[in-house]
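Trainee: here's a sequence, model it:
(one chain, ligands or ions: 2)
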Amino acid sequence: MTATDPLLAALRTAVGDPQVLCGGDLSAWELDWRRRWRGRARAVVRPGSTAEVAAVVRACAAHGASLVPQGGNTGLVGGGVPDASGTQVLLSLTRLNRIRALDAANLTLTAEAGCVLQAVQQAAADAALLFPLSLAAEGSCTIGGNLATNAGGTQVLRFGNARELCLGLEVVTAAGEVWDGLSGLRKDNTGYDLRDLFIGSEGTLGIITAATLKLYPRPAAQATALAACGTLAQCVALLGLAQARLHAGLTGFEAMNQFSLELVARHFPALPRPLPGAAWTVLLELSDADGQAQARARFEALLGDALEQGLIGDAVIAESLAQSKSLWHLRESIPLAQAEEGLNIKHDIALPVSAIAGFVERTDAALAHAFPGVRLVNFGHLGDGNLHYNVQAPEGQSAQEFLERCEHAVNAIVYDVVGACGGSISAEHGVGALKRDELARRKSPVALRLMRALKAALDPDGRLNPGRIL
Ligand code: FAD
Ligand code: ZN
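Mentor: Numbering: from 1, shown residues only. Ligands and ions are numbered 1, 2, ... in the order given. Below you'll find the model as predicted:
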């Protein structure tokens, strides 16, 4: 592109010269977190306000260019990096990073889309309140990306996913208009829910520029425990017992298979590893309104009963905040350990909790039969029925070669069983580029027609993140 390129000139007018990048090393924006998708942007544009985002969208429309919105670039489905054509404008939202307001009486916070999730959590904590969305990428993912993907994470069991934590949105439409829907209302039945249309739309229907989010009182106390189970069915039974005893106090319930923790031990040997021999390890978190001693006593009673009923073999309760953090660190290190191990075939699936144990038994067996020696990194938010059922090449085989040769056949096995069990092929990561064709194959024709009608209505020229989802 030359300096006289009219699109670039229009973008520079919209956001100022220094915020339009082309040429040089743009890999921070062009390469995804998994290092699976590398695109080429016509330019990376970094607006600093909603008005500038709108001006960028209008400039792209005027010059027939398409746009890929991007937040923290931690997405796992190839939805936030440009394609290889060199024609797409990468719209980075990270300079929209102000907390606009915090209303303690209304329990709401309004943040711009590029605010890093951790900064939003901190702003809530500074006001002695809680913003509960929490995921391992929270130090770099953004609120805009969280809402665009309807992120889940580790607290969904109690607080719901990003959608349930959002009351209002500000969005720049495909026409470059600003829709101000930043209400902090918990009830508003004035017609179609535009907010929920944009949440989870992965940048294909509009650009999220700000959001009004729900806050909660901070729990008086928290306790964390690890429990060792012999089978996944026992983990599911433990979940039932924990829900019956702890009710809304149960704020986290994560399950990890043995191999996923072995990978963590291999790549992060300094991390402590309690319960090393367990076939399945469950991480439980309890939040209590009463106090630390009560929280601990409730946990001890629960785990004592679970032991008596034969659901668990052993358990540890964290003695301090530092110990509790190190247990969570273990769980959150699994995706990082996997990335160290090499490319893998990821499945972010949702199932009815009642179907999970059967699903895993059936799918493990089918994969072991079709790909002898295959290694299964199986972990996830069991409390929500969400597994990260990831398939790693047999020991000693090239991860890249296995991915290229086997991904299609592996996906067919996994997703056929997901379908038979009444599950979903994307629980929390979204569709992006990775699952677009799978979605077309597996979603009903009626659902696909309705989705295409929405896309055509909101983005008639197909300029917003084309080729993603649909
Ligand atoms: P990006 O990766 O930049 O973008 C993601 C998608 O949203 C793209 O399609 C992009 O076009 C679109 N988008 C981004 N910003 C906007 C905007 N302002 N307006 C419109 N569209 C936009 N996800 C979970 O749900 N739960 C987890 O537990 C979880 N754990 C993770 C752990 C690790 C280690 C990593 C690397 C990722 C994890 N993820 C998880 C996935 C990822 O962090 C989430 O999808 C996150 O919400 C993406 O936010 P982001 O700002 O990085 O978005
Ligand atoms: Zn997850």
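Trainee: residues contacting residue 154?
Mentor: 134-135, 252, 254, 285, 328, 331, 381 (CB atoms under 8 Å, 6 or more residues apart in numbering). Just so you know, the C-beta spots here come from the backbone N, C-alpha and C atoms, and that holds for glycine as well.
Trainee: could you do residue 386 as well?
Mentor: Going by CB under 8 Å, 6+ apart, the list of residues near residue 386 reads 152, 156, 348-350, 380, 427-428.
Trainee: circling back to that earlier point, for the contacts of residue 154, could you give me JSON lines that also reports pLDDT?
Mentor: Shown next, in JSON lines, are the contacts of residue 154 (pLDDT from 0 to 100):
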{"residue": "134", "pLDDT": "97"}
{"residue": "135", "pLDDT": "95"}
{"residue": "252", "pLDDT": "97"}
{"residue": "254", "pLDDT": "98"}
{"residue": "285", "pLDDT": "97"}
{"residue": "328", "pLDDT": "96"}
{"residue": "331", "pLDDT": "96"}
{"residue": "381", "pLDDT": "97"}
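Trainee: most widely separated two among these?
Mentor: By the measure CB to CB, 135 and 285 form the most distant pair in the contacts of residue 154, at 14.1 Å.
Trainee: before we move on, back to that, filter the contacts of residue 386 down to the ones in strands?
Mentor: Among these, the members found in strands (DSSP state E) are 348-350, 380.
Trainee: how about the residues you listed, which pair is most distant?
Mentor: Farthest pair in the ones in strands among the contacts of residue 386, by CB to CB: 350 and 380, 9.5 Å.
Trainee: look at the two and report which has more neighbours.
Mentor: residue 380 (28 against 21; other CB atoms under 10 Å).
Trainee: against residue 428, how distant is the more buried one?
Mentor: Using CB to CB, to the nearest Å, residue 380 is found at 9 Å from residue 428.
Trainee: ok, which stretches of the stretch 101-250 of the chain are strands?
Mentor: 108-112, 129-130, 166-172, 178-181, 207-214, 216-217, 221-229, 250-257 (DSSP state E, counting those that start in this stretch).
Trainee: for the residue in the chain positioned nearest to ligand 1, give me its contacts.
Mentor: Closest approach between the chain and ligand 1, counting by CB to the nearest ligand atom: residue 145, at 2.1 Å. The neighbours of residue 145, taking CB under 8 Å, 6+ apart as the test, are 70-72, 74-75, 80, 113, 151.
Trainee: need those residues in TSV with pLDDT, neighbour count and distance to residue 141, can you?
Mentor: Below are those laid out as TSV (pLDDT from 0 to 100; neighbours: other CB atoms under 10 Å; distance: CB to CB, whole Å):
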residue	pLDDT	neighbour count	distance to residue 141
70	98	30	11
71	98	28	6
72	98	23	4
74	98	22	4
75	98	27	8
80	98	31	10
113	99	28	11
151	98	28	7
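Trainee: of those, which are in range of ligand 1?
Mentor: Filtering those for proximity to ligand 1 by CB under 6 Å from any ligand atom leaves 70-72, 74-75, 80, 113, 151.
Trainee: identify, from those residues, the entry nearest to residue 317.
Mentor: Nearest member of the ones next to ligand 1 among the contacts of residue 145 to residue 317, counting by CB to CB, is residue 151, at 28.7 Å.
Trainee: count of residues packed around the closest residue to residue 103 other than its chain neighbours?
Mentor: Excluding the flanking residues, the one nearest residue 103 by CB to CB, 6 or more residues apart in numbering is residue 184, at 6.2 Å. Counted with other CB under 10 Å, the neighbours of residue 184 add up to 17.
Trainee: SS state for residue 433?
Mentor: Under DSSP: H, G, I helix; E, B strand; the rest coil, residue 433 falls in the coil class.
Trainee: what's the spacing between it and residue 459?
Mentor: Using CB to CB, residue 433 is found at 17 Å from residue 459.
Trainee: what does residue 283 give?
Mentor: 41 Å.
Trainee: with residue 214 instead?
Mentor: For residue 214 relative to residue 459 (CB to CB), the value is 28 Å.
Trainee: again with residue 98
Mentor: Taking CB to CB, one finds residue 98 at 27 Å from residue 459.
Trainee: can you list the residues of the stretch 201-350 of the chain near ligand 1?
Mentor: The stretch 201-350 of the chain comes close to ligand 1 at residues 202-203, 207-208, 335, as judged by CB under 6 Å from any ligand atom.
Trainee: any regions of the chain where pLDDT drops low?
Mentor: Residues of the chain that meet the criterion pLDDT under 70 lie in 1-3.
Trainee: nearest residue to the middle of it?
Mentor: residue 151 (3.9 Å; CA atoms, centre = their mean).
Trainee: next, the contact list for the spatially closest residue to residue 182 that is not a sequence neighbour, please.
Mentor: Spatially, and ignoring its direct neighbours in sequence, residue 182 is nearest to residue 168 (4.3 Å; CB to CB, 6+ apart). Contacts for residue 168 (CB under 8 Å, 6+ apart) come out as 110, 181-185, 195, 211-212.
Trainee: just the buried ones from those residues, in PyMOL syntax?
Mentor: In PyMOL, a selection of the buried entries from the contacts of residue 168 looks like this (16 or more other CB atoms under 10 Å):
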select buried, resi 110+181+182+184+195+211+212
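Trainee: make TSV out of the contacts of residue 168 and add distance to residue 413.
Mentor: Shown next, in TSV, are these (distance: CB to CB, whole Å):
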residue	distance to residue 413
110	45
181	42
182	45
183	45
184	46
185	46
195	37
211	38
212	43
